[in-house]
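Peer 1: Pasting the sequence and the predicted model now:
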Amino acid sequence: MSIISPSVQRTRARRIRETLFRAAAMASLVFVVGPALWLVIEVIVRAVPHWHWNVLTTVSQGTSGGLENAVLGTLVIMLGVLIIAGTIGILAGIHFAELARPRKNGKASGAVLRTATEVLSGFPSIVLGYVGYIALCVGLHWGFSLLPALLILSLMVVPYIAKATESAIRQVPTNYREGAEALGMAPGYMLRRIVLKSALPGIVTGVLIALSIAGGETAPLLYTAGITNNLPSASLIHQPIGYLTYYVWTDYNQPTNEAHYVSYDAALILLVMVLVLLVTSRIIVARTQRHAEGNR
Amino acid sequence: MSVVGGDAESITALGPIRRTTLVRRIGALLRSNEEHVWRYSARSAAIIPLAGLAFVLSVLVLKAWPAVKVNGFSFLTSSAWQPGSTYGAVVHTNGVAHPPGSSYGAWPLIAGTLQTSIIAVLIALPISIGTAFALTERLPGWISKPLGFFVEILAGIPSVVVGLWGVLTLGPLLAQHVYPLIANHVPNVPVLNYFRGPTGYGEGLLTSGLVLGLMIVPIIASTTRDLFMQVPPLPKEGGEALGLTDAEVARWVTIPWVRSGIIGATVLGLGRALGETIAVAMVSGSVLGHVSPNIYGTMTTVAATIVSQLDSAATDGTGFAVATLAEAGLILAVISVAVNVAARIIVNRTSRLSAPVGRDS
């Protein structure tokens, strides 16, 4: 007894530690999922009882009224980011994945550009917004308007799209390239017809996530896009544009109930938009993964 | 289509051909140089982030320079935030015009930024590792897949919505039921007495840290989950065959295997916490001029200050308040970039030193 007792004690300690570890793992899962569900339910509970569909068809009066201008404004902003950041980000991703490979002399080309992109992806968004305000809205006399907002948001999400594009291209099986090369395809033609085509789901996913980030941003927009209760106009500069996050941010602590409802409604619409984008991207991933396994 | 005069047949025959030849000629030109088209357009696109970064930094430095000259080194240590009088005669210091009585110090902002981010990481890292472990090792696929998806989606919830929940629901609830409980039962000893004292109304340091933690958990947890799934089963089975418990396998095999990846994800989360603006502006209380005396007190961060003060700073006729905000933004940018670079160095070093035996690449 006296001989085996230490090891029995140690076994018991290990068993207790194991149980504690498993319990802690489950508890941490609960600590992540619980507050998240709570948050989503809270927004729904606050918004739905007072929900009227005409918030989508009437423009805002600031602290009351609808949100048509904000919904359309957010969509316009997302469309602009899709065009600007989508083009730049995908091309930059192609550069990093295909063209900036380490050269034969061991010198990695594109290291500076890559580092700049990564630094930019961790750059505080409010600082970008501040620079947009100082340099574009004030410096270039563009005023609060769509174009500075688009440029700043695009600068913010280009690294995400570039990163997603790069990793999607890197995941294209080498067989595909070898097959294309064996058929005598020119490199550019192969890039377009084989590599980009196979990488397309990954690229689309990255772009959708970037759009959800752009649509949910507040800080960089406050001092670049300004705010207006009018519907989005066709002008890129000199005309402020409304967006959903502004109304969440300004109306929640206004004194009237109407203002609170505007805030909650905007939060609900934002949540739905972001969820649609993210779920779509997820479905694309799931479908293509199934496809890839079938091919193997 | 009505053709007046001429040979109708030849016109309809020529029209489409002419158009296609033009389109085709451009198409053929592009296609014969396709590789060059891709190469040059891709390279010029890849330069844009660098150019944008250079532009942003130079605007910041140019704009902040007058403020640096006036505020001096004490900007980093002083706690004052006095815009000065807008009615008095403009004062000149070192050749820079500013309102009389203006005095700025960023110490409370820097301290607040670091405090909230550190709280967020201290909370998020263990919870993320636990979540990743639960999702990959403990739960069956039919439940861990949707839960994992949910955790990923959480990263996409707009920060303003998280802030709304934090300020309306979480903060008041914690201030009413949880904070007093902690504050009244923590012993009055040197480190822990930071948890004592007035607990406020739910807007403050700890609430901000918790909200930030919730926001960066998805980033760290989903990356860690993906990393855990990449650990090959053989070493783990080897550990089990040697009699290790699940906890010991995680401690000695799984986590060391992907350590550099976890550090990278954590720093990504830290970067997001440092730069997060709107959520913190909503739940921190946005109180300038002092460092919170205990963990519940109101405070503010650099990012939250820029967003909440830029409006009123623009009314400073001398432009000095706006320049001071540029200086604050420059400090925040330097902190974020430094954290990023430090992470890269750490990741490079640990992945070189501690690569477990048998790990490919």
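Peer 2: The structure has been received and is ready for your questions.
Peer 1: Got the domain ranges for chain A?
Peer 2: A:5-50, A:59-295 (automatic domain parsing).
Peer 1: Could you tell me how far the last one lies from the centre of the chain?
Peer 2: Pointing back at domain A:59-295 there. 6 Å (C-alpha atoms, centre = their mean, to the nearest Å).
Peer 1: thinking again about what came up before, out of the domains of chain A, deepest packed?
Peer 2: domain A:59-295 (a mean of 20; mean count of other C-beta atoms under 10 Å in any protein chain shown). Yep, even glycine has a C-beta here, placed from its N, CA and C like the rest.
Peer 1: Please state the mean pLDDT value computed over that domain.
Peer 2: The average pLDDT for domain A:59-295 rounds to 85.
Peer 1: ok, now stretch B:24-37?
Peer 2: Computed over stretch B:24-37, the average pLDDT equals 80.
Peer 1: next one: stretch B:266-278
Peer 2: Mean predicted confidence for stretch B:266-278 is 88.
Peer 1: then it to PDB, C-alphas only?
Peer 2: Backbone C-alpha positions of stretch B:266-278 (Å, rounded to 0.1, in the frame of the first residue of the first chain) are rendered in PDB as follows:
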ATOM      1  CA  THR B 266      -3.900  35.600 -31.400                       C
ATOM      2  CA  VAL B 267      -1.900  38.500 -32.800                       C
ATOM      3  CA  LEU B 268      -4.400  39.000 -35.600                       C
ATOM      4  CA  GLY B 269      -7.100  39.200 -32.800                       C
ATOM      5  CA  LEU B 270      -4.900  41.500 -30.800                       C
ATOM      6  CA  GLY B 271      -4.500  43.800 -33.800                       C
ATOM      7  CA  ARG B 272      -8.300  43.900 -34.300                       C
ATOM      8  CA  ALA B 273      -8.800  44.700 -30.600                       C
ATOM      9  CA  LEU B 274      -6.300  47.500 -30.700                       C
ATOM     10  CA  GLY B 275      -7.900  49.100 -33.700                       C
ATOM     11  CA  GLU B 276     -11.600  48.400 -32.800                       C
ATOM     12  CA  THR B 277     -13.400  51.700 -32.700                       C
ATOM     13  CA  ILE B 278     -17.200  51.700 -32.600                       C
END
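Peer 1: That one and chain A, are they touching?
Peer 2: Yes. Contact of stretch B:266-278 with chain A (C-beta under 8 Å from any C-beta of the partner chain) involves B:268, B:271-272, B:274-275, B:277-278.
Peer 1: On the three-state scheme, B:Ile220 is what?
Peer 2: helix (DSSP: H, G, I helix; E, B strand; the rest coil).
Peer 1: My guess is B:Ala321 contacts B:Thr86. True?
Peer 2: No. Contact criterion C-beta atoms under 8 Å: B:Ala321 and B:Thr86 do not qualify, at 10.1 Å.
Peer 1: what sits in contact with each of the two?
Peer 2: B:Thr315 (C-beta atoms under 8 Å, 6 or more residues apart in numbering or on different chains).
Peer 1: Which one's more surrounded, these two?
Peer 2: B:Ala321 (24 against 13; other C-beta atoms under 10 Å in any protein chain shown).
Peer 1: pLDDT wise, what is the more buried one at?
Peer 2: 85.
Peer 1: Now it: closest residue in space that isn't a chain neighbour?
Peer 2: In this structure, B:Ala321 finds its nearest non-sequential neighbour in B:Ala313, 3.6 Å apart by C-beta to C-beta, 6 or more residues apart in numbering or on different chains.
Peer 1: For that neighbour, give me its contacts.
Peer 2: By C-beta under 8 Å, 6+ apart, the residues touching B:Ala313 are B:83, B:321-322, B:324-325.
Peer 1: Quick check, pLDDT for it.
Peer 2: 81.
Peer 1: Which residues does the strand or helix carrying A:Gly179 contact?
Peer 2: A:Gly179 belongs to helix A:174-182 when assigned by DSSP states H and E. Helix A:174-182 is contacted by residues A:190, A:193-195, A:198 when judged by C-beta under 8 Å, 6+ apart.
Peer 1: B:Leu50: neighbouring residues, count only.
Peer 2: So B:Leu50, with other C-beta under 10 Å, has 18 neighbours.
Peer 1: Next up, the contacts around it.
Peer 2: A:112-113, A:116-117.
Peer 1: Next: B:Ser222.
Peer 2: Contacts of B:Ser222 by C-beta under 8 Å, 6+ apart are B:148, B:151-152, B:155.
Peer 1: The same query, at a cut-off of 6 Å, please.
Peer 2: B:151-152 (C-beta atoms under 6 Å, 6 or more residues apart in numbering or on different chains).
Peer 1: Quick check: residues of the stretch 151-300 of chain B near chain A?
Peer 2: Within the stretch 151-300 of chain B, the positions near chain A by C-beta under 6 Å from any C-beta of the partner chain are B:151, B:153-154, B:156, B:158, B:160-161, B:164-165, B:169, B:214, B:217, B:245, B:247, B:271, B:275, B:277-278.
Peer 1: Out of these, which end up buried?
Peer 2: Among these, those buried by neighbour count (16 or more other C-beta atoms under 10 Å in any protein chain shown) are B:151, B:153-154, B:156, B:158, B:160-161, B:164-165, B:169, B:214, B:217, B:245, B:247, B:271, B:275, B:277-278.
Peer 1: Now A:Thr63: closest residue in space, sequence neighbours ignored.
Peer 2: Per C-beta to C-beta, 6+ apart, closest to A:Thr63 is A:Ala259, 3.8 Å.
Peer 1: follow-up on the earlier one: so which of the contacts of B:Leu50 belong to strands?
Peer 2: In strands, defined here by DSSP state E, there are no members of the contacts of B:Leu50.
Peer 1: These into a markdown table, with extra columns for distance to chain B?
Peer 2: Shown next, in a markdown table, are those (distance: C-beta to the nearest C-beta, whole Å):
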| residue | distance to chain B |
| --- | --- |
| A:Val112 | 7 |
| A:Leu113 | 5 |
| A:Ala116 | 4 |
| A:Thr117 | 4 |
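Peer 1: ok, back up a step: of all the domains of chain A, which lies closest to B:Leu288?
Peer 2: Taking C-beta to C-beta, domain A:59-295 is the member of those nearest to B:Leu288, at 15.8 Å.
Peer 1: Packing partners of the helix or strand where A:Trp38 lies?
Peer 2: Element membership of A:Trp38, judged by DSSP H and E, is helix A:5-47. With contacts taken as 3 or more C-beta pairs under 6 Å, 6 or more residues apart in numbering or on different chains; DSSP states H and E, helix A:5-47 sits against helix A:257-295, helix B:107-133, helix B:246-249.
Peer 1: Can I get stretch A:43-62 in PDB, CA atoms only?
Peer 2: Output in PDB follows, covering the C-alpha atoms of stretch A:43-62 (Å, rounded to 0.1, in the frame of the first residue of the first chain):
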ATOM      1  CA  VAL A  43     -31.500  42.300 -31.600                       C
ATOM      2  CA  ILE A  44     -34.400  40.300 -32.900                       C
ATOM      3  CA  VAL A  45     -36.400  40.800 -29.700                       C
ATOM      4  CA  ARG A  46     -35.800  44.500 -29.700                       C
ATOM      5  CA  ALA A  47     -36.600  45.000 -33.400                       C
ATOM      6  CA  VAL A  48     -39.300  42.600 -34.400                       C
ATOM      7  CA  PRO A  49     -42.200  43.700 -32.100                       C
ATOM      8  CA  HIS A  50     -42.100  47.200 -33.700                       C
ATOM      9  CA  TRP A  51     -41.100  46.100 -37.200                       C
ATOM     10  CA  HIS A  52     -43.000  47.600 -40.100                       C
ATOM     11  CA  TRP A  53     -42.100  46.600 -43.600                       C
ATOM     12  CA  ASN A  54     -42.400  50.300 -44.600                       C
ATOM     13  CA  VAL A  55     -38.900  51.000 -43.100                       C
ATOM     14  CA  LEU A  56     -37.700  49.600 -46.400                       C
ATOM     15  CA  THR A  57     -39.800  51.900 -48.500                       C
ATOM     16  CA  THR A  58     -39.600  55.200 -46.600                       C
ATOM     17  CA  VAL A  59     -36.600  57.400 -46.100                       C
ATOM     18  CA  SER A  60     -35.200  58.400 -42.700                       C
ATOM     19  CA  GLN A  61     -36.100  61.500 -40.800                       C
ATOM     20  CA  GLY A  62     -32.900  61.200 -38.700                       C
END
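Peer 1: This completes my enquiry, with thanks.
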